[in-house]
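A.B. asks: need a 3D model of the sequence below.
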Amino acid sequence: MTSTLLSLLFLLFSLLTPTLISSSPVLNPQEVVQEVNKKINGSIARPRRNLGYLSCGSGNPIDDCWRCDPNWEQNRQRLADCAIGFGKNAIGGRDGKIYVVEDDGDDDAVNPKPGTLRHAVIQDEPLWIIFARDMVIQLKEELLMNSFKTIDGRGASVHVAGGPCITIQYVTNVIIHGIHIHDCKQGGNAMVRDSPRHYGWRTVSDGDGVSIFGGSHVWVDHCSLSNCNDGLIDAIHGSTAITISNNYMTHHDKVMLLGHSDSYTQDKDMQVTIAFNHFGEGLVQRMPRCRLGYFHVVNNDYTHWEMYAIGGSANPTINCQGNRFVAPDDRFSKEVTKREDTPESEWQDWNWRSEGDLLVNGAFFTASGAGASSSYARASSLSARPSSLVGSITTGAGALSCKKGSPC
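C.D. replies: Numbering: from 1, shown residues only. The predicted model follows:
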């Protein structure tokens, strides 16, 4: 058998066989941080006349990339080129066809009906999934996504709510944009299809809004999330290359878990960018709660927490830049940070940094490790946008009301 034929057979086998998708970590995550800061500064520093009609110069480089285009509906897949941070290479269904969801039903998790969201997300080919009209989709079981898919809710009011929600498990290149995800419940003890050629038994799920499990190159942008059974967005089991941006999160306890357990060392390669989100009313804790990996938290607006905002264990690197933290009135909950079940003699060496954060109503950030020294700030050639601008940068957080024929 010739080497060419062997190569073709191997390629065919790879396409037909489920594989565990992994992503190598960026060797120097600080380079990604600097790239994010450069884009943030560049989006507002350049003269408006040089930006063209596709940019607003708002200081939010993701939105400036596409929101001022009145023809966004004809240029939907342009969005895939607008991500920043560790998830910047998530292209979703950019290179595939448009798939229009016309049916809000979910009658059969094993044999989904064409035209439904479940039928769209399990296909093998890249797809850019849009919606024919406003709809509320109450799933019977977890929505198991396949690789190279975009869920794009722009132009319609789309709610995934009242049942199990979205699972990104051992797949890559997924974009979720512009939908409402709320009141998510547990599912499982049932058969669920994850591709045209495979379905299997699912045990009971956690009830997350978005569950990323061994996934890579994932971007969750401009979604509104609230009131789920477990986390709003959780990433565990070696997930990496993730950007969570421009989301509006409200009315929830354990908001965001990034890292499976202190002993699951594969999560040391997890790298996540959390940018331009609004953590709003009714939130309690975990915005996020981190383990082992590298987490860049930049230009987010924290207007409510009850216990703490950012926590972690197992020596994660947490790099906070240009956020606004408004502490609750409770004098025992002023601290932004929380080290979970770890003595100070251990966590004092963890690299938790605060640069240019705005601390309001008595909020305070306990830095540690290299991030506690002034040398860190001097090492940064560019910084995030000033925290005083965070309110305006995040004013459009959450699902947008985009109208055809006009800027979004």
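
A.B. asks: okay but Cys65 is in contact with Asp81, surely?
C.D. replies: Yes: in this structure, Cys65 sits in contact with Asp81. The criterion is Cβ atoms under 8 Å, and the distance is 7.0 Å. For glycine as for every other residue, the C-beta is placed from the backbone atoms N, C-alpha and C.

A.B. asks: report the contact partners of the closest residue to Pro288 other than its chain neighbours.
C.D. replies: Residue nearest to Pro288 in three dimensions, not counting chain neighbours: Met256, with 3.8 Å by Cβ to Cβ, 6 or more residues apart in numbering. Remark: with contacts taken as Cβ atoms under 8 Å, 6 or more residues apart in numbering, Met256 is in contact with Gly231, Leu232, Ile233, Asp234, Ile244, Met249, Ile274, Arg286, Met287, Pro288, Arg289.

A.B. asks: out of Cys65 and Asp81, which sits in the more crowded spot?
C.D. replies: Neighbour totals were compared for Cys65 and Asp81, and Cys65 leads with 20 against 11 (other Cβ atoms under 10 Å).

A.B. asks: so which of the contacts of Met256 is the most crowded?
C.D. replies: Tallying neighbours with other Cβ under 10 Å puts Leu232 at the head of those, with 33 neighbours.

A.B. asks: work out for me the element the most centrally placed residue in the chain sits within.
C.D. replies: Nearest to the centroid of the C-alpha atoms of the chain, with distances taken as Cα atoms, centre = their mean, sits Ile244, at 2.7 Å. Using DSSP states H and E, Ile244 sits within strand 240-245.

A.B. asks: what's next to that strand, contact-wise?
C.D. replies: If you take Cβ under 8 Å, 6+ apart as the criterion, strand 240-245 is touched by 23, 25, 62, 83-90, 212, 215-222, 233, 235, 256, 269-277, 293.

A.B. asks: which helix or strand contains Pro25?
C.D. replies: Assigning secondary structure by DSSP H and E places Pro25 outside every helix and strand.

A.B. asks: what are the phi and psi values at it?
C.D. replies: Note on Pro25: its backbone torsions stand at phi -70, psi 150 [degrees, to the nearest 10].

A.B. asks: quick one: pLDDT of the closest residue in space to it that isn't next to it in sequence?
C.D. replies: Using Cβ to Cβ, 6+ apart and skipping residues adjacent in sequence, the residue nearest Pro25 is Asp269, 4.1 Å away. Here the pLDDT value assigned to Asp269 is 96.

A.B. asks: direction included, what does the next helix-or-strand element following the strand holding Ile244 pair up with?
C.D. replies: Next along the chain after strand 240-245, taking DSSP H and E as the criterion, comes strand 248-250. The pairing partners recorded for strand 248-250 under DSSP bridges are strand 224-226 (parallel), strand 278-279 (parallel).

A.B. asks: for Ser333, find the nearest of those strands.
C.D. replies: Nearest to Ser333, of all the strands paired with strand 248-250, is strand 278-279, at 14.2 Å by Cβ to Cβ.

A.B. asks: quick one: low-confidence parts of this structure?
C.D. replies: Where the chain drops to pLDDT under 70, the residues are 1-22, 44-55, 374-383.

A.B. asks: neighbouring contacts of stretch 68-79?
C.D. replies: Contacts to stretch 68-79, defined as Cβ under 8 Å, 6+ apart, come from residues 53-56, 65-66, 93-94, 98, 128, 130, 150, 152, 154-155, 175, 177, 402, 404-408.

A.B. asks: what do you get if the cut-off is 6 Å, keeping everything else the same?
C.D. replies: With Cβ atoms under 6 Å, 6 or more residues apart in numbering as the contact definition, stretch 68-79 has outside contacts at Leu54, Cys56, Trp66, Arg94, Trp128, Lys404, Ser406, Pro407, Cys408.

A.B. asks: narrow the residues you listed to those in strands?
C.D. replies: Among the contacts of stretch 68-79, DSSP state E puts Trp128 in strands.

A.B. asks: narrow the contacts of stretch 68-79 to just the buried residues.
C.D. replies: Of the members of the contacts of stretch 68-79, the ones counted as buried by neighbours, 16 or more other Cβ atoms under 10 Å, are Leu54, Cys56, Trp66, Arg94, Trp128, Cys408.

A.B. asks: just those: which are in helices?
C.D. replies: Using DSSP state H to define helices, the subset of the buried ones among the contacts of stretch 68-79 located there is Trp66.

A.B. asks: pull the most distant pair out of the buried ones among the contacts of stretch 68-79.
C.D. replies: For the buried ones among the contacts of stretch 68-79, with distances taken as Cβ to Cβ, the pair at the greatest spread is Cys56 and Trp128 (23.5 Å).

A.B. asks: re the thing from before, is it possible to export the contacts of Met256 to TSV including secondary structure?
C.D. replies: Putting those into TSV (DSSP: H, G, I helix; E, B strand; the rest coil) gives the following:
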residue	secondary structure
Gly231	coil
Leu232	coil
Ile233	strand
Asp234	strand
Ile244	strand
Met249	strand
Ile274	strand
Arg286	coil
Met287	coil
Pro288	coil
Arg289	strand
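
A.B. asks: if anything else comes up later, I'll come back, but that's it for now.
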